[in-house]
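*Asks:* Next come a sequence and a model predicted from it.
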Amino acid sequence: GPNTLAHVERWKKENTGVCHWGKSSAETPSPAFKQWINLIENAQKHFLENPSPIREHIEQYAKPTDTLKINDWDTSPNTIHLIGLRTGQDRAADRRENDDLFVLLINGMVFKFWGSTDPNPGMASRADIPFLVEGQHRYQFGWHKISDAKTVYRALRPASHGVLVFRDKNGDRALTDSDILKGVDPTPNTTINIHWSGIGTTNFSAGCQVIAGRTYINDQDTLVNCGGFAATSYSELGSKKTRGAYNVFTDLLLTYAPPNVQTIAYMLGRDVTLRLSKDWTADYVQETVDKMRKV
């Protein structure tokens, strides 16, 4: 099982000198953990009181989906939460960078990663590239690259029915107000996974939420550099190269998930979402991502 002592010991061995195990827990959460949980609660309250076109599309959607209506958002500190904060999604890009922030809230601790919440046009098979709608979504532990036994690895997948996406209807390689006004794709998307994005130099997303492997920030707010052993691509994976910080991300999920818990709550917002709280500056997302990228 994911919570065996052997798994924890393997994690510690692979990350010796890399991770700092903090003293926070579900019973004694860190101050930072409380701040981020409060952000989720504030966001729910704000969007209930201030409807937007995105929220209206979600509320009006009648089919089963893993994208939750606002009243159904999970704000419990006992839930595993992942927050994605996107930037620049409305600016056209022929090559979209890994420039978004991911915040993992687990067992009273906060870990930060970076990557992309938006598709890189060069990775997509369709011109009308998909953008995951902002809001909260149910994701389950699963696998990515399942069609290839040599490359399959741990990832997160929509929990059951699929998640809602907007599509780039006018082909400008961005998520704009005109795309949002056209509404969500009529069928929930079951392929928008949360997976690895190499070392971070290339955005591996065709619509998925992707996490870079070079660096992360641990629960003590310390930058950890995995660059010495993080693979750039699948071809580099082997005895000396791993997925680096992404492995830390998945091992945290498997190690700290309560017994029989196989799902997380993933909330996707924009960098301006942080304006709902006084705990962060206006440039927090960019500054934090830059801290991890520019190593």
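*Replies:* It's in. These numbers were taken from a predicted model, which means no experiment stands behind them. Numbering: from 1, shown residues only.
*Asks:* Check what contacts the biggest strand by length in the chain and list those residues.
*Replies:* Across the chain, the longest stretch assigned as strand under DSSP state E is strand 135-144. With Cβ atoms under 8 Å, 6 or more residues apart in numbering as the test, strand 135-144 has contacts from 2, 40, 54-55, 58, 66-68, 70, 72-74, 82, 152-160, 163, 193-196, 253-254, 257, 262-268. Glycine gets a C-beta too; all of them are placed from N, C-alpha and C.
*Asks:* same question for it, mean pLDDT?
*Replies:* Strand 135-144 shows a mean pLDDT of 95.
*Asks:* how far does it sit from the chain's center?
*Replies:* Centroid separation for strand 135-144 versus its chain: 9 Å, with Cα atoms, centre = their mean, to the nearest Å.
*Asks:* now swap in stretch 137-147 and tell me
*Replies:* Centroid separation between stretch 137-147 and its chain, computed with Cα atoms, centre = their mean, is 13 Å.
*Asks:* go on, stretch 178-189?
*Replies:* With Cα atoms, centre = their mean as the basis, stretch 178-189 stands 21 Å off its chain's centre.
*Asks:* Mean confidence (pLDDT) on that stretch, please.
*Replies:* Stretch 178-189 comes out at a mean pLDDT of 96.
*Asks:* mind listing the strands for the stretch 1-150 of the chain?
*Replies:* Remark: strands assigned in the stretch 1-150 of the chain by DSSP state E, counting those that start in this stretch are 81-86, 100-106, 109-116, 130-132, 135-144.
*Asks:* does Phe166 sit in a helix, a strand or a coil?
*Replies:* Under DSSP: H, G, I helix; E, B strand; the rest coil, Phe166 falls in the strand class.
*Asks:* can you tell me how far it sits from Glu49?
*Replies:* Per Cβ to Cβ, to the nearest Å, Phe166 is found 23 Å from Glu49.
*Asks:* quick revisit: and the buried ones among the contacts of strand 135-144, selectable in PyMOL?
*Replies:* The following PyMOL line selects those of the contacts of strand 135-144 that are buried, judged by 16 or more other Cβ atoms under 10 Å:
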select buried, resi 2+40+54+55+58+66+67+68+70+73+74+82+153+154+155+156+157+158+159+163+193+194+195+196+253+254+257+263+264+265+266+267+268
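*Asks:* wait, what's in contact with Tyr246?
*Replies:* Counted by Cβ under 8 Å, 6+ apart, Tyr246 has contacts Phe113, His195, Trp196, Ser197, Ile211, Ala212, Gly213.
*Asks:* Recalculate using a threshold of 10 Å.
*Replies:* 113, 115, 153-155, 194-200, 210-214, 216, 226, 230-231 (Cβ atoms under 10 Å, 6 or more residues apart in numbering).
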